[in-house]
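Chemist: model the structure of this input:
(3 chains)
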Amino acid sequence: MPLVDIVALLALLEFFVFAGLVGRARGKYGVNAPSVTGHEMFERAYRVQMNTLELLMLFLPSLYIAAGYWPAGYVAACGAVYVVGRIVYQQAYMSDPARRGPGFLLSIGPCLILLIAGLVGAALAVSRGTA
Amino acid sequence: MPLVDIVALLALLEFFVFAGLVGRARGKYGVNAPSVTGHEMFERAYRVQMNTLELLMLFLPSLYIAAGYWPAGYVAACGAVYVVGRIVYQQAYMSDPARRGPGFLLSIGPCLILLIAGLVGAALAVSRGTA
Amino acid sequence: MPLVDIVALLALLEFFVFAGLVGRARGKYGVNAPSVTGHEMFERAYRVQMNTLELLMLFLPSLYIAAGYWPAGYVAACGAVYVVGRIVYQQAYMSDPARRGPGFLLSIGPCLILLIAGLVGAALAVSRGTA
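Modeler: Residues are numbered from 1 along each chain as shown, chains lettered A, B, ... in the order given. Modelled structure (predicted):
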């Protein structure tokens, strides 16, 4: 499933960039390791990274489980919405945390759709006796 | 392996609920993003979510690697103990963090069993020359 | 791919040890749950664990995706460098956070190589029309 793999790797690359922005914010705002507090802008970058880490834990397994039951094209398209939604989230969070809602929904939504698609697909497979 | 998939997705759904409880605690106890401190009950909900994130990182890969070497039914049953153990952990942590031990053991235990089962299975496969 | 599985499970075992060191530091330095601050040495152990959690999210999916396109031996060898790099990172961070650079590069490097190898492999597969 190379299309699904490409979407998964783009989501990881995006996470890597968010983590890099946290590293840069450490220097820029003088927040030395191991501290993760001390400047609002650093904390925003850090929360974007942590929230993306949390969502990736939902996203990646759900993506691959769903891809085991449904056409790869649809699953990859749903995953692509997640990748774009995270960019919207990151941009909004950095400018104003209170405006992070739409980007959050645009990235958590695909995670939930993939999770439920996986559950339905697996439940159908069990009920058909292919377990 | 639909049974293993269902257990994995239930573990993810559980994590999603724990994350939702953190969001609710933000509003209830007035802890505004990006802060993750400021009220004991918010911090408990947040620690439950973070600890579950840490365990999922052990649990999901170990579950699927073990399922590659051992019968899916046993692997799924072991995974189901993890899912229940996390509920016990969450309930105990929210009422009193000092009592989080049993639920923690009930969820880390299955992770370690799956991890070791995977290691033994893979080592046997290598030694049989099927690498 | 038992060799790749063994490397993945060793990376998880390593993460489990780092998490255990955080638990031990809680007791040793009197940092009670749910707090994750209060003593420099505890915070170092905690940051090692969190950073390893972040890297595992990049490492494990990239490892398995790359293994779908390239020989398992090379992929496992690249993964083994990550596992060793994390030990170097942990040792350096605990003695002096400012010296965490080399170990970090030695563990993030293999993640990026695997990620890019996966992207190239998947893109070649798509371009060959095997999508």
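Chemist: alpha carbons only for contacts and neighbour counts from here, please
Modeler: OK.
Chemist: nearest spatial neighbour of residue A:101, skipping sequence neighbours?
Modeler: Once flanking residues are discounted, residue A:101 sits nearest to residue A:89: 7.6 Å by Cα to Cα, 6 or more residues apart in numbering or on different chains.
Chemist: quick check: residue A:58 touching residue B:12?
Modeler: Yes: using Cα atoms under 8 Å, residue A:58 is in contact with residue B:12, at 6.0 Å.
Chemist: quick one, helices of chain A?
Modeler: Secondary structure of chain A (DSSP state H): helices at A:2-29, A:40-67, A:72-95, A:101-127.
Chemist: what's the burial count for the closest residue to chain B within chain A?
Modeler: Closest to chain B within chain A is residue A:122: 4.7 Å, counting by Cα to the nearest Cα. Residues lying near residue A:122 (other Cα atoms under 10 Å in any protein chain shown) number 25.
Chemist: again, but for residue A:124
Modeler: 15.
Chemist: pLDDT wise, what is it at?
Modeler: The model reports residue A:124 with a pLDDT of 96.
Chemist: distance of it from residue C:21?
Modeler: With the distance defined as Cα to Cα, to the nearest Å, residue A:124 ends up 43 Å from residue C:21.
Chemist: check residue A:36 too.
Modeler: 20 Å.
Chemist: how about residue A:31?
Modeler: Taking Cα to Cα as the measure, residue A:31 falls 24 Å from residue C:21.
Chemist: what of residue A:19?
Modeler: Distance from residue A:19 to residue C:21, by Cα to Cα: 24 Å.
Chemist: ok, residue A:71 next?
Modeler: In this structure, residue A:71 and residue C:21 are 44 Å apart, going by Cα to Cα.
Chemist: who has more neighbours, those two?
Modeler: The residue with more neighbours, out of residue A:71 and residue C:21, is residue C:21; 16 against 11, by other Cα under 10 Å.
Chemist: local confidence estimate at that one?
Modeler: Reported pLDDT for residue C:21: 96.
Chemist: what about the nearest residue to it once chain neighbours are set aside, how many residues nearby?
Modeler: Closest residue to residue C:21 apart from its sequence neighbours, by Cα to Cα, 6+ apart: residue C:45 at 6.7 Å. Neighbour count of residue C:45, defined by other Cα under 10 Å: 23.
Chemist: so what's the closest residue to chain C within chain A closest to, chain neighbours aside?
Modeler: Chain C sits closest to residue A:2 of chain A, with a gap of 4.7 Å, by Cα to the nearest Cα. With Cα to Cα, 6+ apart as the criterion, residue A:2 has its nearest non-adjacent residue at 4.7 Å, and that residue is residue C:122.
Chemist: correct me, but the residue nearest to residue A:101 touches residue A:104?
Modeler: Yes: counting by Cα under 8 Å, residue A:104 is a contact partner of residue A:89 at 5.6 Å.
Chemist: chain B contacts on chain A?
Modeler: A:40, A:43-44, A:47, A:54, A:57-58, A:62, A:65, A:97-98, A:115, A:118-119, A:122-123, A:125-126, A:131 (Cα under 8 Å from any Cα of the partner chain).
Chemist: check contacts around residue A:53.
Modeler: By Cα atoms under 8 Å, 6 or more residues apart in numbering or on different chains, the contact list for residue A:53 reads A:15, C:54, C:57.
Chemist: before we move on, the earlier item: give me the neighbour count for the residue nearest to residue A:101.
Modeler: For residue A:89, the count of nearby residues is 23 (other Cα under 10 Å).
Chemist: residue A:45 contacts residue A:95, doesn't it?
Modeler: No: assessed by Cα under 8 Å, residue A:45 is found out of contact with residue A:95, at 10.5 Å.
Chemist: and the pLDDT at residue A:130?
Modeler: 56.
Chemist: where in chain A is pLDDT low?
Modeler: Flagging of chain A using pLDDT under 70 yields the residue ranges A:130-131.
Chemist: the closest residue to residue A:11 other than its chain neighbours: neighbour count?
Modeler: Distances taken as Cα to Cα, 6+ apart put residue A:83 closest to residue A:11, at 5.6 Å, once the chain neighbours are dropped. By other Cα under 10 Å, 22 other residues sit near residue A:83.
Chemist: what does residue A:30 show for phi and psi?
Modeler: phi 60, psi 40 (degrees, to the nearest 10).
Chemist: measure it to residue A:24 for me?
Modeler: 10 Å.
Chemist: ok, residue A:50 next?
Modeler: Distance from residue A:50 to residue A:24, by Cα to Cα: 16 Å.
Chemist: neighbour-wise, which of these two wins?
Modeler: residue A:50 (18 against 14).
Chemist: ok, which residues in chain A are in contact with chain C?
Modeler: So chain A meets chain C at A:1-3, A:5-6, A:9, A:12-13, A:16, A:33-35, A:53, A:56-57 (Cα under 8 Å from any Cα).
Chemist: can you tell me how far residue A:111 is from residue C:129?
Modeler: Taken as Cα to Cα, the span from residue A:111 to residue C:129 is 28 Å.
Chemist: more neighbours, those two?
Modeler: Shown here are residue A:111 and residue C:129; by other Cα under 10 Å, residue A:111 has more neighbours (26 against 8).
Chemist: which ones are touching the more buried one?
Modeler: Residues near residue A:111 by Cα under 8 Å, 6+ apart: A:55, A:58, A:59, A:62, A:63, A:79, A:82.
Chemist: how about 10 Å then?
Modeler: Going by Cα atoms under 10 Å, 6 or more residues apart in numbering or on different chains, residue A:111 touches A:55-63, A:78-79, A:81-82, A:105, A:117, B:16.
Chemist: got a quick ChimeraX command for the buried subset of the residues you listed?
Modeler: To isolate the buried members of the contacts of residue A:111 in ChimeraX, using 16 or more other Cα atoms under 10 Å in any protein chain shown:
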select /A:55,56,57,58,59,60,61,62,63,78,79,81,82,117 /B:16
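Chemist: need the nearest residue in space to residue A:69, chain neighbours excluded.
Modeler: Nearest one to residue A:69, counting by Cα to Cα, 6+ apart, is residue A:121 at 5.4 Å.
Chemist: good, we can wrap up now.
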